[in-house]
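Enquirer: The following comprises the amino acid sequence and a computationally predicted model.
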Amino acid sequence: MEHRAIISDSTKYFESNEPLALDLGGTLPGVKVAYRTWGALNSEKSNVILVCHALTGNADADSWWCGMFGEGRAFDETRDFIVCSNVLGSCYGTTGPLSLNPLTGKHYGPDFPRITIRDMVSVQRRLLQSLGIERIRLVVGASLGGMQVLEWGAMYPEMAGALMPMGISGRHSAWCIAQSEAQRQAIAADAEWRDGWYDPQVQPRKGLAAARMMAMCTYRCFENYQQRFGRQQREDGLFEAESYVRHQGDKLVERFDANTYITLTRAMDMHDLGRGRGSYEATLGALAMPVEILSIDSDVLYPKEEQEELARLIPGSRLLFLDEPYGHDAFLIDTDTVSRMVCEFKEKIGG
Ligand SMILES: CC(=O)SCCNC(=O)CCNC(=O)[C@H](O)C(C)(C)COP(=O)(O)OP(=O)(O)OC[C@H]1O[C@@H](n2cnc3c(N)ncnc32)[C@H](O)[C@@H]1OP(=O)(O)O
Ligand SMILES: N[C@@H](CCO)C(=O)O
């Protein structure tokens, strides 16, 4: 099945034929993982940075987080061995709804099993083990990436040396679940949806675009839209704000897949550090590695109270604030500040 997604030529692939028992039940017969690396593993294998991507990201961290890369910056190939893998369930080269189901010979589509952040992390661990990595100096990521960061700490504390989750909570809120469901329903309302059995070359474009438009409202904030667009209208009468979200919707449709969107947003909704582990508080309280949490002041999806809660519950953790009027996606935009914060944390945790 041909992907709509654009995958970099530098992407490598890891294939594991070992069946993957899924967190919510069911098994995948094996997994293929698209990943990228930058720099070289040092002789002590102590310079690994694992970058975890957000919802529509991919292994090309130097594309979607390019401001973080460079000498003296957060991800410095002259010193660090940086790994970024595309998450399980994605459409950028890793096993997901667009992959072939070996039982049917057709793509999984809506039959792709329910997965969780924990499944994504256990697949990443397989990848890292295949690369000979036993310890990660720093696990870093925002949004869905931040969920993975926290799960790394809970699932594999012996591997995760330090954590830097950004713009995230320890469990998906009712507010976020409602946003996700509204977006999924927009996809399902498209006549091309066909209960998920659409032709991937056609796909429910209008529904997926509408989902992205809703999401783009929550990835920014009131002030950002107001400053950028105000009440300005184009000659044809379309408000600039309307025109902008339409453009963002159209852009996503060209590079993403509707079943993938549903699979990944459902995985996000299941995010809860405490699920099946006794208590939420005790799970966070058991994180013993250095942790710095980035809170984005203008984030309407994951408000600062959620990062304050993480900081209160994770012993010895430190809370940082990004005070920019960009909203949730500020981590992708103000990379000078975010890179500096990561560099300072790297200094503290040592090599
Ligand atoms: C191969 C790839 O796809 S790489 C990108 C992969 N993306 C990811 O990994 C996810 C992370 N990245 C993102 O989510 C996004 O890049 C963001 C949110 C960080 C930034 O979004 P961007 O769209 O780059 O920036 P911004 O919000 O400023 O919008 C700029 C775009 O809107 C367009 N635009 C701005 N104002 C308007 C308007 N009033 N009407 C119509 N279009 C408008 C610009 O022309 C520009 O379009 P272009 O991207 O086609 O050149
Ligand atoms: N803008 C991000 C999602 C929010 O972090 C993405 O498209 O992956």
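Expert: Perfect, I can see it now. Ligands and ions are numbered 1, 2, ... in the order given.
Enquirer: List the single closest residue to the most centrally placed residue in the chain in space, sequence neighbours excluded.
Expert: Among the residues of the chain, the one closest to the centroid is residue 54, at 2.1 Å (CA atoms, centre = their mean). Leaving out its chain neighbours, the residue that sits closest to residue 54 by CB to CB, 6 or more residues apart in numbering is residue 143, at 4.0 Å. Placement of C-beta: from N, CA and C, glycine included.
Enquirer: And the residue nearest to the centre of the chain, how far from ligand 2?
Expert: Distance, residue 54 to ligand 2, using CB to the nearest ligand atom, to the nearest Å: 4 Å.
Enquirer: count of neighbours near residue 276?
Expert: Here the number of neighbours of residue 276 (other CB atoms under 10 Å) works out to 8.
Enquirer: tell me the secondary structure for it?
Expert: Put simply, residue 276 is coil when judged by DSSP: H, G, I helix; E, B strand; the rest coil.
Enquirer: Would you agree the residue nearest to the centre of the chain is in contact with residue 142?
Expert: Yes. At 5.9 Å, residue 54 counts as touching residue 142 under the criterion of CB atoms under 8 Å.
Enquirer: which neighbours do those two share?
Expert: Shared contacts of residue 54 and residue 142, defined by CB atoms under 8 Å, 6 or more residues apart in numbering, are found at residue 332.
Enquirer: Look up the closest residue to residue 246, ignoring the ones flanking it.
Expert: Nearest residue to residue 246 in three dimensions, chain neighbours excluded: residue 213, at 6.9 Å (CB to CB, 6+ apart).
Enquirer: Can you tell me how far whichever residue of the stretch 251-351 of the chain sits closest to ligand 2 is from residue 268?
Expert: Here the stretch 251-351 of the chain gets closest to ligand 2 at one residue, residue 329, 4.9 Å apart by CB to the nearest ligand atom. Counting by CB to CB, to the nearest Å, the gap from residue 329 to residue 268 is 16 Å.
Enquirer: what about the two, which has more around it?
Expert: Shown here are residue 329 and residue 268; by other CB under 10 Å, residue 329 has more neighbours (24 against 20).
Enquirer: which residues sit in contact with the nearest residue to the more buried one once chain neighbours are set aside?
Expert: Using CB to CB, 6+ apart and skipping residues adjacent in sequence, the residue nearest residue 329 is residue 219, 4.3 Å away. Shown in contact with residue 219 (CB under 8 Å, 6+ apart): 301, 327, 328, 329.
Enquirer: ok, 7 Å please
Expert: With contacts taken as CB atoms under 7 Å, 6 or more residues apart in numbering, residue 219 has the following neighbours: 327, 328, 329.
Enquirer: want to try TSV for the residues you listed, with pLDDT as columns?
Expert: Putting those into TSV (pLDDT from 0 to 100) gives the following:
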residue	pLDDT
327	98
328	98
329	98
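Enquirer: Show me the residues you listed that map onto strands.
Expert: Judged by DSSP state E, the contacts of residue 219 include no members of strands.
Enquirer: what ranges do the strands span in the stretch 201-350 of the chain?
Expert: Applying DSSP state E, counting those that start in this stretch to the stretch 201-350 of the chain gives strands spanning 292-296, 318-322.
Enquirer: Out of the ones you listed, which is the most enclosed?
Expert: Most buried of these by mean neighbour count (mean count of other CB atoms under 10 Å) is strand 292-296; its value is a mean of 25.
Enquirer: Ramachandran coordinates for the residue of the chain positioned farthest from its centre?
Expert: Relative to the C-alpha centroid of the chain, counting by CA atoms, centre = their mean, residue 235 is the outermost residue, at 37.7 Å. The phi/psi pair for residue 235 (degrees, to the nearest 10) reads phi -60, psi -30.
Enquirer: pretty sure residue 181 belongs to a helix, no?
Expert: Yes. Assignment of residue 181 by three-state DSSP places it within a helix.
Enquirer: For the stretch 201-350 of the chain, just list every one of the helices.
Expert: For the stretch 201-350 of the chain, the helices defined by DSSP state H, counting those that start in this stretch cover 205-219, 222-229, 240-253, 258-269, 280-285, 304-313, 330-333, 335-349.
Enquirer: in the first one, what's buried?
Expert: Going by neighbour count (16 or more other CB atoms under 10 Å), the buried part of helix 205-219 is 205-219.
Enquirer: What of the shortest one?
Expert: Buried residues in helix 330-333, counted by 16+ other CB under 10 Å: 330, 331, 332, 333.
Enquirer: Could you list the contact residues of the stretch 51-200 of the chain toward ligand 1?
Expert: Contacts of the stretch 51-200 of the chain with ligand 1, taken as CB under 6 Å from any ligand atom, map to 56, 57, 58, 63, 64.
Enquirer: quick one: which of those is most hemmed in?
Expert: residue 58 leads these on contacts (other CB under 10 Å) with 28 neighbours.
Enquirer: got the contact list for the closest residue to it other than its chain neighbours?
Expert: Computed as CB to CB, 6+ apart, the closest residue to residue 58 that is not its neighbour in sequence is residue 92, at 3.6 Å. Contacts for residue 92 were tallied using CB under 7 Å, 6+ apart; they are 5, 7, 34, 58, 59, 86.
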